[in-house]
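Visitor: what shape does this take:
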Amino acid sequence: MIAESRCGILCSKCKFRESENCATCVKMEIPYWGEPCPLKDCCEGRGLEHCGLCPEFPCKMLRDYSFDSRYRDKGRRIEICRAWALKEF
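Guide: Below you'll find the model as predicted:
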């Protein structure tokens, strides 16, 4: 399974993919919103396909994003990264 994102977001299910013409962060230098993403930058700086492959997984930054009320993720992206790392997804 090739990761859809660096942080565990399922881009194939994202409502912004079509409306914002998003090619996913694994294929774009800068995310569609025009600002760098610290999770993307961290993964790529470490040479990792996604956060689930990091020895610090799940780090504070990923947990903060995953449980931030704006994203309403409630830890799902952590579960997805874990599944990607275990090749269960």
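
Visitor: quick one, what contacts the residue sitting furthest away from the middle of the chain?
Guide: Going by CA atoms, centre = their mean, the residue of the chain most distant from its centre is residue 19, 18.8 Å out. Shown in contact with residue 19 (CB atoms under 8 Å, 6 or more residues apart in numbering): no residues. (C-beta placed from N, C-alpha, C; glycine too.)

Visitor: would you mind measuring from it to residue 68?
Guide: 21 Å (CB to CB, to the nearest Å).

Visitor: repeat that for residue 10.
Guide: In terms of CB to CB, residue 10 sits 17 Å off from residue 68.

Visitor: ranges for the helices of the chain?
Guide: Taking DSSP state H to define them, one finds helices in the chain at 16-19, 38-45, 60-67, 76-85.

Visitor: now do the longest one and helix 38-45, the angle between them.
Guide: Pointing back at helix 76-85 there. Per axes from the mean of the first three to the mean of the last three CA atoms, to 10 degrees, the angle that helix 76-85 makes with helix 38-45 is 20 degrees.

Visitor: which one is residue 57 nearest to, not counting chain neighbours?
Guide: residue 51 (5.7 Å; CB to CB, 6 or more residues apart in numbering).

Visitor: so that neighbour sits against residue 6, correct?
Guide: Yes. Taking contacts as CB atoms under 8 Å, residue 51 lies within contact range of residue 6: 6.2 Å.
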